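Attaching a predicted model along with its sequence, questions to come.
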Amino acid sequence: MNEWTYEPAPESRDIVTLRSSYGLFVNGEFVDGTGGAFKTVNPATEEVLAEVTQAGTEDVERAVVAARHAFDEVWGPMPGKERAKYLYRIARLIQERSRELAVLETMDNGKPIRESRDVDVPLVAAHFFHYAGWADKLEWAGYGPAPRPLGVAGQIIPWNFPLLMAAWKLAPALAAGNTCVLKPAETTPLSALLLADILQQADLPPGVVNIVTGAGETGRALVAHPGVDKLAFTGSTEVGKEIMRAVAGRRVKLTLELGGKAANVIFDDAPIDQAVEGVVNGIFFNQGHVCCAGSRLLVQESVADAVTERLKRRLQSLRLGDPLDKNTDIGAINSAEQLAKITELAKSGAGEGAAQWQPECALPERGYWFPPTVFTGVSQSHRIAREEIFGPVLSVLTFRTPDEAVEKANNTPYGLSAGVWTDKGSRILWMAQRLRAGVVWANTFNRFDPASPFGGYKESGFGREGGRHGLEPYLAAAGAAEVTGG
Amino acid sequence: MTTVAVTPADLDAAAASDVSLRRFLHGLPGVDQVGAEARAGMLATRSIKRGAKLWALDMALRMTDLTTLEGADTPGKVRALCSKAMRPDAVDPEVPSVAAVCVYPDLVPTAVESLAGSGVRVASVATSFPSGRASRAVRLADVAEAVSAGAHEVDMVIDRGAFLAGRYAQVLSDVVAVKEQCGNAHLKVILETGELRTLDNVRRAAWLSMVGGADFIKTSTGKVAPASTPAVVLVMLEAVRDYAEATDSLVGVKAAGGIRTAKDAIRYLVLVNETAGQRWLTPDLFRFGASSLVNDLLMQRTKQRTGSYSGPDYFTVD
């Protein structure tokens, strides 16, 4: 009798009504496009969920024109307190339809329902609430006495947190008085299209938010469009560089939130059990599809064995499988392409001499899966210590002194986030001053809050999202119109 | 350096004096309260359904120490509680008995007589429960009375005053003395975590009790709020897990006070399962100290089997 196994506890998909095909959301309506269609699949089952329209250059043009018109006629002139009402309404509707959003996000992305339900969707609502509060207080945001919106914002978002990234982009832009053309990632367009439904429900004026689905070509068309005043991109460093080249010499305000290779630093006086949880949360949250993931564990040599032993024991209790099961900890890899990339990099880790360890864990037969993986004996020169894997793969390195920890943590082209684990408060401050990363978490990891600015150093990008700082990319200070092209 | 791996020899050396105990206990890895609460909160979202739920409800019943610790306790009250303990559901003989009945020492003879031959054990609080504020002689006499009256298990309280004042050796020698007085009776050591306040203290008191010979470590008397909380039990489960790793001996955990619903009980079982592991999912190594919990377990059990809820009046109030 002494065997307890949790029975499957799948969240019902009935709450989601999938259409067989989706158009583009332009000027407040779903419309046909000119670029053909592509399929979006559930990465946990490879089941085709829907056909989605590929926006061509003409469609992007229509979307930008609609956004410009809405900016000139409706949204730009509207008083902030009126814009706030729309944002509050959107936030409340997101809360009301949170289960539907969470289930759809899990189906299209592969992330566990526990995360989409408890992390993604609540944060989405929180971002809209936060920026709704700013809409009528922009004069006090610290960007001059009468800051003005820029105009039309082109926003390109990734597939790892599809709806959350849409919220990070839309909420501050709308609060500041801009209108938007949003391009979701091609593997995860559905939650943004459900959000379009919510925007209709909220009676948001037509053209204020336009959503153009498609792959890289659609993104390029949006980046190249001369009617765009502001571009915001979250995604790979490679594409970020391409965008920078494309906008060089143009009057476009740009923010980029790119890759990362964050160090999670554990000192010998750390709260070990919580640090192990933090490591798990740092790299296995969302299958490691997190730009700020703690993919490099830097552990003080004197406790390295104890920490890795505990980490391995803890990983054996992770539950990998059906993302819709409420007890699942690790879901599916988002796409076959991403799985191939993770597999290739993991292979290089073993090839370069690091020791690979994976818990015993059966992978489902269909879908894209990769087991939680830990590499020990990793050195700074290994590819798995330098390149962003964007998967559930942890590289463990050791250090001897705080100086060495800082040196190794900063020894990367990236600088998005870092974690410090120690019981000594003064050391946390000492480390935070020296780590070149946009976010430094102390005795925690991967914690997000709409009031807290987020963004990178170096090849992790520039510009901040969240909080007061997150308004800056969408505002022109009074008299600065010539400089920013607003 | 932080003590992470501990050997039995380390424990012997640590027990030598206040200084060595302090060095050892304060060398244990700290507990980050925010992180511990977040972990316990995450585990509370586990969804336990159907067969897994039925298993858990029965296991929770079998793990319960049905408790009455009131000034107003009478032999009649204790006898009623004992019959409930042996046959929790008046209409369903399939329902398993609870683990034990827990009473004050003077009522142990009544409980022993009522439970004779049933397999349900008699637990007695002792050592001037709940405050423990009496001389060691008085507290040991309390234990002796309970044991000689036939208690199978003794629930002692530690001297929180001594612990908070840093007199760890005194707390340790109390536990050792009570353990000796217990003879064959099992010793549960109550940490009274609501008075220790910090999770660092909980971890230290847990280790101190285990080094002193505790068979179980127990959260609370039930007389101080907060009593058992998921984060406290998480830290205690980590302690017994680490102690087993160091010494190969298995110490149990008892969550007591404030656990009233089946839902809460199942959350604790999830904590056990994913912290200490399957091995601890037995009444020999995990207990609930509770009274009203039993009827909610029975009600959920009936719901699970028949598909419909019956009212609280269909379960006996004892």
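Structure received. Numbers count the residues shown, from 1 in each chain, chains lettered A, B, ... in the order given.

Next, the contact list for residue 37, please.
Unless you meant another one, I'm taking chain A. A:21, A:51, A:52, A:53, A:54 (Cβ atoms under 8 Å, 6 or more residues apart in numbering or on different chains). (Each C-beta comes from the backbone N, C-alpha and C, glycine too.)

Please refer instead to chain B.
B:230, B:231 are the contacts of residue B:37 under Cβ under 8 Å, 6+ apart.

cool, and residue B:163?
B:171, B:196, B:201, B:205, B:208.

how many other residues sit next to whichever residue of the stretch 151-300 of chain A sits closest to chain B?
Per Cβ to the nearest Cβ, residue A:274 is where the stretch 151-300 of chain A lies closest to chain B, at 3.1 Å. Close neighbours of residue A:274, defined as other Cβ atoms under 10 Å in any protein chain shown, add up to 25.

do residue B:39 as well
26.

just the one 5 residues further on next, same as before
As a burial measure, residue B:44 scores 15 neighbours (other Cβ under 10 Å).

element containing the closest residue to it other than its chain neighbours, please.
Closest residue to residue B:44 apart from its sequence neighbours, by Cβ to Cβ, 6 or more residues apart in numbering or on different chains: residue B:267 at 4.9 Å. If you go by DSSP states H and E, residue B:267 is part of helix B:262-275.

That helix: which residues count as buried?
B:262, B:264-275 (16 or more other Cβ atoms under 10 Å in any protein chain shown).

Give me the pLDDT for residue 87.
I'll assume chain A. pLDDT, residue A:87: 98.

my bad, chain B
With respect to pLDDT, residue B:87 scores 96.

OK, contacts around it?
Going by Cβ under 8 Å, 6+ apart, residue B:87 touches B:93, B:95, B:97.

picking up where we left off before, what are the contacting residues of the helix holding residue B:267?
A:4, A:317, B:40, B:43-44, B:46, B:48, B:53, B:56-57, B:59-60, B:230, B:233-234, B:237-238, B:241, B:253, B:255, B:259, B:280-281, B:286, B:288, B:293, B:296-297, B:299-300.

Now do that helix: distance to the chain's middle.
Computed by Cα atoms, centre = their mean, to the nearest Å, the chain-centroid distance of helix B:262-275 equals 14 Å.

can you give me the mean pLDDT across it?
98.

elements contacting the helix or strand that comes right after it?
Per DSSP H and E, the first helix or strand lying C-terminal to helix B:262-275 is strand B:286-290. Strand B:286-290 is packed against strand B:64-67, strand B:216-218, strand B:252-256, helix B:262-275, with contacts defined by 3 or more Cβ pairs under 8 Å, 6 or more residues apart in numbering or on different chains; DSSP states H and E.

For the stretch 101-250 of chain A, what lies in contact range of chain B?
A:114, A:118 (Cβ under 8 Å from any Cβ of the partner chain).

Do a quick rundown of the helices in the stretch 101-250 of chain A.
A:113-115, A:121-134, A:162-176, A:190-201, A:216-224, A:237-247 (DSSP state H, counting those that start in this stretch).

quick one, which of those is packed in tightest?
Most buried of the helices of the stretch 101-250 of chain A by mean neighbour count (mean count of other Cβ atoms under 10 Å in any protein chain shown) is helix A:162-176; its value is a mean of 27.

Now do it against helix A:121-134, angle only.
0 degrees (axes from the mean of the first three to the mean of the last three Cα atoms, to 10 degrees).

Next, the angle from helix A:162-176 to helix A:190-201.
Here helix A:162-176 runs at an angle of 40 degrees relative to helix A:190-201 (the same axes, to 10 degrees).

Please give the centre-to-centre distance between helix A:162-176 and its chain.
Taking mean C-alpha positions (Cα atoms, centre = their mean), helix A:162-176 and its chain are 11 Å apart.

Now residue A:257. Its backbone dihedrals?
phi -120, psi 110 (degrees, to the nearest 10).

ok, how many other residues are close to the closest residue to it other than its chain neighbours?
Once flanking residues are discounted, residue A:257 sits nearest to residue A:234: 4.3 Å by Cβ to Cβ, 6+ apart. Under the neighbour criterion other Cβ under 10 Å, residue A:234 is assigned a count of 24.

got it, and residue A:324?
23.

and what of residue A:292?
Neighbour number of residue A:292 under other Cβ under 10 Å is 27.

got a list of what the residue lying closest to it once chain neighbours are set aside touches?
Of all residues not flanking residue A:292 in the chain, residue A:417 sits nearest, at 3.7 Å (Cβ to Cβ, 6+ apart). The contact partners of residue A:417, by Cβ under 8 Å, 6+ apart, come to A:260, A:262, A:292, A:294, A:437, A:438, A:439, A:440, A:441.

Secondary structure added to those residues, as CSV?
Shown next, in CSV, are these (DSSP: H, G, I helix; E, B strand; the rest coil):
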residue, secondary structure
A:260, coil
A:262, coil
A:292, coil
A:294, coil
A:437, coil
A:438, coil
A:439, strand
A:440, strand
A:441, strand
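
Tell me the most packed of these, by neighbour count.
Neighbour-wise, the contacts of residue A:417 (other Cβ under 10 Å) top out at residue A:262, 33 neighbours.

tell me the phi and psi of that residue?
With angles defined as degrees, to the nearest 10, residue A:262 sits at phi -70, psi 150.

Next: residue A:141.
phi -80, psi -10.

Please verify my assumption that it contacts residue A:475.
Yes - look at residue A:141 against residue A:475 with Cβ atoms under 8 Å: they come within range, at 7.4 Å.

which residues are common contacts for the two?
residue A:147.

So these two - more neighbours on which side?
residue A:475 (27 against 18).

Just list the residues touching the more buried one, thanks.
A:138, A:141, A:143, A:147, A:148, A:149, A:150, A:176.

closest to chain B among those?
Of all the contacts of residue A:475, chain B sits closest to residue A:141, with 29.8 Å by Cβ to the nearest Cβ.

Spell out which parts of chain B neighbour chain A.
By the rule Cβ under 8 Å from any Cβ, the part of chain B lying against chain A is B:1-2, B:4-5, B:29-32, B:34-36, B:38-39, B:45-52, B:55-56, B:59, B:238, B:269, B:273-274, B:278, B:281-282.

Strands - which of those land there?
Judged by DSSP state E, strands contain none of those.

Low-confidence stretches in chain A?
A:1-2, A:478-486 (pLDDT under 70).

let's go with 80 and repeat that
Under the criterion pLDDT under 80, the flagged ranges of chain A are A:1-2, A:477-486.
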